[in-house]
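Asker: This is the structure alone, sequence omitted:
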């Protein structure tokens, strides 16, 4: 079992920045593929970014490439999403997710076994 807790959401003006954190516990973090997804009201939960600790990545959705950066913490049980140049269309609940091996399609929300509770990000125009 893996427990995930997101923090760092909030309200920011367009063009501003926020950093989300995801703290994981319960399993060796290094074996997991970790991802960020987001869900706006009335829409599907969409892939944002993913990272592994051993090979490949990071990976980004085209809509956030060049603006968002996914990274891991030195303690290896934390993950971050640095969001810059935020736009109103980035407004959503952001979820941290974990996928144990064998890794599957990192863009597919059904590939992930564990989810955090989500944190709201609101970007005002």
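Answerer: It's in. The structure presented is a predicted model; accordingly, all values stated were derived computationally and were not measured.
Asker: Just grab the bridge partners of residue 7 for me.
Answerer: Listed by DSSP bridges, the beta-bridge partners for residue 7 are residue 21.
Asker: Could you tell me which residues make contact with it?
Answerer: With contact taken as Cβ atoms under 8 Å, 6 or more residues apart in numbering, residue 7 is in contact with 20, 21, 23, 119. C-beta coordinates here come from the backbone N, C-alpha and C atoms, glycine included.
Asker: what pLDDT does the last one get?
Answerer: This points to residue 119. Predicted confidence (pLDDT) for residue 119: 97.
Asker: Report the contact partners of the nearest residue to it once chain neighbours are set aside.
Answerer: Spatial nearest neighbour of residue 119, chain neighbours left out: residue 9 (3.4 Å); criterion: Cβ to Cβ, 6 or more residues apart in numbering. Residues near residue 9 by Cβ under 8 Å, 6+ apart: 18, 20, 93, 94, 119, 120, 121.
Asker: so residue 25 makes contact with residue 2?
Answerer: Yes - using Cβ atoms under 8 Å, residue 25 is in contact with residue 2, at 7.3 Å.
Asker: higher neighbour count, those two?
Answerer: residue 2 (19 against 11; other Cβ atoms under 10 Å).
Asker: Now the more buried one. Its backbone dihedrals?
Answerer: phi -130, psi 130 (degrees, to the nearest 10).
Asker: which residues in the chain form strands?
Answerer: 3-7, 10-13, 18-25, 33-39, 45-51, 59-60, 68-72, 78-83, 92-99, 114-115, 119-124 (DSSP state E).
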